[in-house]
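> Provide a 3D model corresponding to the input given below.
(chains A, B and C)
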Amino acid sequence: MSVSLEHYLILSALLFCIGLYGALSRRNTIVILMSIEIMLNAVNVALVAFSRYIVPLVLTGQVFALFVMVVAAAEVAVGLAIIIALYRSRETVDVEQADLMKG
Amino acid sequence: MSLKLELLTPELSLLIFALLVILLDLGIKQKKVLAGVSILGLLVSGGFVLTLWGRESASAFNGMFLVDPFALFFKLLFLIAAGLVILASQDYVSKFARFQGEYYALILISAIGMMLLATTGELISIYIALELSSISLYILTGFLKDPKSSEAGLKYLLLGAVASATLLYGMALVFGLTGKTRLTEIAQAIQTIPLTTLLDSPALLLGIILLACGFGFKIACVPFQMWVPDVYEGAPTPITAYLSVASKAAGFAVIARFFYTTFGVPDWLSLNWGILFASLSAITMTLGNVIAIAQTNIKRMLGYSSIAQAGYLMVGLAAVGVASMADTLGRSGLLFFLASYTLTNLGAFIAIIAISNKIDSDLIDDYTGMGSRAPLLALGLTLCLISLIGLPPTAGLIAKIYIFNAGVHYGLLWLVVIGVINSCISAYYYLGVVKVMWLGAPVSEEKVPSSWALRIVLALTCLGVLVLGIIPGKFVQIAETAVRIFTS
Amino acid sequence: MPHQVPWLIWLSPMFSFIIISLILRPFFNHHPKLSGYTTIAAIGISCFLSFWVLIEVLKAPGHRLEIPDIQWVVIEDGISIHLGLIVDALTAVMLIVVSVVSLLIQIYSQGYMHGDPGYPRYYAFMSLFTGFMLGLVMADNLVFLFLFWEGVGLCSYLLIGFWFHRPAAANAAKKAFIVTRLGDFGFLAAILFLFYHTGTFDIERLHSLAIAGTLAGTTLTWAALGIFSGAAGKSAQFPLHTWLPDAMEGPTPVSALIHAATMVAAGVFLVARFFPLFEHSKVALTIVAVIGAFTAIFAASMGLVMNDIKRVVAYSTISQLGYMMLGLGVSGVAVGIFHLFNHAFFKALLFLGAGSVNHATGTFDIREMGGLRRVMPWTYITFIIAALSLAGIYPLSGFWSKDEILIYSFKTQPFLFTLALITVFMTAFYIFRVVFVVFGGEYRGTKLAHHSEHKLHESPAVMVIPMVILAFFSAVSGWLNLTGNFGEFLGHGEARGLLEGFFGILGKPLPWLSLIVAGLGIYLAYAMYSTRRISPEAVGRTFVPLYTTLSRKYWFDELYERIFVGKTLVNGLFVGLEAFDTYAVDGSVNGIADKTIATGRALSRVQTGQLQLYGLFIAMGIVAITICFYFFG
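Residues are numbered from 1 along each chain as shown, chains lettered A, B, ... in the order given. Here you go, the predicted model:
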């Protein structure tokens, strides 16, 4: 059995859902950030697979994936900075505690 | 193929000024200069935009970078919004001991992101532009570093990241279906696929939904609106103003271009997302208005109000979808509404910045008797609130007439009826603030002082609101030219 | 002429209002005079442009200018809203009246309002009023006409209650607002009724529909009557006349401008503007004439016994407005508007004279005055000219227009002619009663002890000069129609020679009749109040019931008090209505409002502040949309 596009797409969808579940259920903000990384990487898998199977001669999907990684890194850097700022004022990284504003 | 760098001059010049601001911040003691340099940068960039205005539509980088009236219209809008926000930040920024340069530079950089967003016609660059503007805004939201601001920043960042992952997945699906990343090529590819309904192609269906959701987060429509009130409340008020107008306008710019170019043909496809936006529009405006009534904090109230306004804007979007090939009407209403909304909402927030900064409270109850404590600010705020309701003689009225006219014209009468009912509901909470300000007995006799910068900016926005409301003819023409590129 | 000129006429005072309220009041409060200068400059511009427009209209074929509409909002295949102006002979005449009188009164007010703490506010409102009034006479469709109509009403309300700390002023303002609103209700109904039947708000289209006979029969009559009810409210015609005398609580220049020369004349103007509609409905036109004639005599009779100089002049205003309505009813636009034109000058002058007298004596009660002719010669002379003009004495302006009204009513409605003739007598009597009591005899002032006669003084030049100019107009404005030109300009009558006009009229019997009647009135006043050959007290005692009836104003105030406020007559009805209002109307309205607010509260509770809940909503939203597409797509 050879690995086909479907396999990659199913892997990507599963990864995306796992990431989403993590982002919605974990309490630790760091872990939530990591879950979001999983979601982005799921997309990367899909992009590269599409590129490989649909347009094998051009590298659009791969390039797209590279850009996504770069942006994701920037996003995580900012995220960590904000989490640190929050930790300094609240002494917690538990997302459930962040409910000063509601209603 | 030449680089055609002159097409990029607005963005490049602004980038240079943003870097210049950061560099100057290192060496300069007098921080007011930084604001001046930033404004200068915006003016220079605006000048370049104006020199490009009126030329033939052109593109650079293999069709990635499109310079057409539509893009230029939005670029001007973002530049104006950024300029007004920077002017309105004067009092606020002087509170920070450090990082003033970064504050201005980030506003400029996010403006660059939005300008790119309005001007690109390719998946990868759309994503990059979106993230460029968003990441700057995440930082700005958490800029105060106090518990509320950090919490707002965190909420905005995490939800924004989830939304952009969703968007990316949608993009990946569309890319996978067509093998292209340029919007025009995607459109051609879709037309070659033999389809009769959306259900025939789950990839396209899911792609459209995920894209709509990703962009929907940016414009804050239901069900992606829940971050809005919390983030608006926690962010520094000038940034809230910026978020509520520029970021939203950028979202609409990219949706209008993306959906119209990519999914505009065939008609049934266009109808599908037209109806999607129409339904979301109805829910969005109703939910926004109804919850706004219950608010006691004016920033939160304006947050919900901006959700409702997004609902009205989506009427225009829906009209475009429902009648994609008809003519420019729907989009013309959309652009005019955005211009009017930008000025009006900025004006309202500027007045709030001025008042809240001095009385140290965002509660509507503390605005009691503001008519006698700060008559000019109260007058400006009143005018902007009246424009948000859509009463004469303000821009809001004309904008609503336009966009609702488009709705009626393309058979969305039910949606317009809901819109009109919603306008009536909205009058209740907007006028509530007006009533409190003018008829309530002041809590204290003390006058509320305001700086000249704020007064001038407020006067400018109010003037804009009135000019658009009283002599809209010229601006309507501009808005119509800006969308004509799509009909050819 | 550039097409912007007519627009600028009414926008100029509006700008003045904006400048005063947004710039001068907040920032230059220590220099209140600036607001006066701004207003005078703005209205001066309007005045100059009005003359320009008049000259253009005189030259134009058919005496009307085509002003291209401003395309305010135009959407392809969609809504289009045009703004336009009518500039015809009627407009041109009204523009002159309003801008000239307003300009003179603004100049006069500098002296009268000197030192008042509300000085900038006064000028802001006066500018706003003038802007609305000038817009009103030019509006080309019913919606804008109504907006301006309500605008002048609002300004009138604000200015009557200008000294709002006085309860009498506040009450008078409220009364004026409510009573005129009753008339406006009819006007609004007529507007909607007309729109329902014709589908247009455009005034000229309505004219052509009425002329073509498309708009006819009872529809036309009801529409015309609705319009007349608005006119009657604004022009204080019976039975909506009660607010005008009370409105004298406002500053005197306000009374002169708004409640004598311009706003109250707007009712007459409205009937003139819609004259093609009235012309084609015999019933409506007769009602206008009858109400006018009755109001004329009815108000004049009350003016006979008033002791407050402003109230005498106010009743005189109501009476003269009745004359104008009569003129419209019996003969048409030209005659009624000619009287409006002349009346504006001499009535404004009478009010300014009253203000000048008040400025010197500090009171409006004529019993507290006397002998002022010696100390206030200018006021005295100008007041006499205005009084003679009002009484209709040859060759002053009032004579010419009143005479035309009498001639036409004699031809068509002999009974109304009799009423009008009696009114001529009353008018001459009451105004000269004021003249003799105020200016003749010796000073009787007791109210202000320190006001001994030598301290009484003539008013300052800023007040006197406008009065002299108005006196000039009061004397000669009637001569404009000597050759029949004024009438011809407004589309009525034919031209004749100048000398024939000036002296020829004396060869006819009717003018002599009215002159003799007026002369009798003046003589009676002279006999009673100057030489005292007939004792006024004795007359009062002889006719006690009549005197009481008149001085209590026919108990109309009490009657309205009972009907509208006291709940004695219609108590049951009110209780019923109130119950309906509370339980049905308020109940459902409040119910909906409460439910909406409660829903808002409930929904905002979903907003828990929990980040992941928000994320969950996004995810659920995506799933829900997908499901919807699956089922409905």
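> show me where chain C has strands.
Under the criterion DSSP state E, chain C contains strands at C:64-65, C:70-74, C:80-83, C:87-88.
> all helices for the stretch 251-400 of chain C, in order.
Counting by DSSP state H, counting those that start in this stretch, residue ranges of the helices within the stretch 251-400 of chain C are C:252-256, C:265-273, C:275-279, C:282-303, C:309-330, C:333-361, C:372-375, C:377-391, C:397-412.
> in the last one, what counts as buried?
Judged by neighbour count using 16 or more other CB atoms under 10 Å in any protein chain shown, the buried positions of helix C:397-412 are C:397-410. (Each C-beta comes from the backbone N, C-alpha and C, glycine too.)
> for the residues you listed, give me a markdown table that also has pLDDT and distance to residue B:269.
Listed next are those as a markdown table, based on pLDDT from 0 to 100; distance: CB to CB, whole Å:
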| residue | pLDDT | distance to residue B:269 |
| --- | --- | --- |
| C:397 | 83 | 78 |
| C:398 | 81 | 79 |
| C:399 | 83 | 82 |
| C:400 | 81 | 79 |
| C:401 | 82 | 75 |
| C:402 | 83 | 79 |
| C:403 | 82 | 81 |
| C:404 | 81 | 76 |
| C:405 | 83 | 75 |
| C:406 | 83 | 80 |
| C:407 | 81 | 80 |
| C:408 | 82 | 75 |
| C:409 | 83 | 77 |
| C:410 | 82 | 82 |
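> contacts with chain A among those, please.
When CB under 8 Å from any CB of the partner chain is applied, no member of the buried residues of helix C:397-412 is adjacent to chain A.
> nearest to residue B:483, of the helices of the stretch 251-400 of chain C?
The closest of the helices of the stretch 251-400 of chain C to residue B:483 is helix C:265-273. By CB to CB, the value is 42.7 Å.
> just the C-alphas of the closest one, formatted as CSV.
Provided in CSV are the C-alpha atoms of helix C:265-273 (Å, rounded to 0.1, in the frame of the first residue of the first chain):
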residue,chain,number,x,y,z
ALA,C,265,-47.2,85.7,8.8
ALA,C,266,-45.9,82.3,7.8
GLY,C,267,-49.4,81.0,8.1
VAL,C,268,-50.6,83.5,5.6
PHE,C,269,-47.6,82.7,3.4
LEU,C,270,-48.5,79.0,3.6
VAL,C,271,-52.0,79.6,2.3
ALA,C,272,-50.6,81.8,-0.4
ARG,C,273,-48.0,79.2,-1.4
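> just give me the longest helix of chain A.
helix A:60-90 (DSSP state H).
> now check it, is it near chain B?
Yes: on the criterion CB under 8 Å from any CB, helix A:60-90 is in touch with chain B at A:60-61, A:63-64, A:67-68, A:71, A:74-75, A:78-79, A:81-83, A:85-86, A:88-90.
> now for that helix, which elements pack on it?
With contacts taken as 3 or more CB pairs under 8 Å, 6 or more residues apart in numbering or on different chains; DSSP states H and E, helix A:60-90 sits against helix A:29-54, helix B:123-141, helix B:147-178.
> for those, give me CSV that also has mean pLDDT.
Converted to CSV, the helices and strands packed on helix A:60-90 look like this (pLDDT from 0 to 100):
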stretch, mean pLDDT
helix A:29-54, 94
helix B:123-141, 95
helix B:147-178, 93
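> can you tell which of these is closest to chain C?
Proximity to chain C, assessed across the helices and strands packed on helix A:60-90 by CB to the nearest CB, is greatest for helix B:147-178 (5.1 Å).
> after that closest one comes which helix or strand?
helix B:183-192 (DSSP states H and E).
> re earlier: farthest pair in the buried residues of helix C:397-412?
So, the buried residues of helix C:397-412 by CB to CB: farthest apart are C:397 and C:410, at 20.8 Å.
> how much space separates whichever residue of the stretch 201-350 of chain C sits closest to chain A from chain B?
Proximity of the stretch 201-350 of chain C to chain A (CB to the nearest CB) peaks at residue C:201, 46.4 Å away. Distance, residue C:201 to chain B, by CB to the nearest CB, to the nearest Å: 16 Å.
> quick one on the thing from earlier: right, so the helices and strands packed on helix A:60-90: which one is the most enclosed?
Among the helices and strands packed on helix A:60-90, ranked by average contacts under mean count of other CB atoms under 10 Å in any protein chain shown, first place goes to helix B:147-178 (a mean of 26).
> distance from the chain centre to it, please.
18 Å (CA atoms, centre = their mean, to the nearest Å).
> what of stretch B:101-109?
18 Å.
> taking the stretch 201-350 of chain B, what residue is nearest to chain C?
For the stretch 201-350 of chain B, CB to the nearest CB, closest residue to chain C: residue B:223, 3.1 Å.
> chain neighbours aside, what residue packs nearest to the spatially most central residue of chain A?
Nearest to the mean C-alpha position of chain A, by CA atoms, centre = their mean, lies residue A:37 at 2.6 Å. Leaving aside its chain neighbours, residue A:37 sits nearest to residue A:72 (6.2 Å; criterion: CB to CB, 6 or more residues apart in numbering or on different chains).
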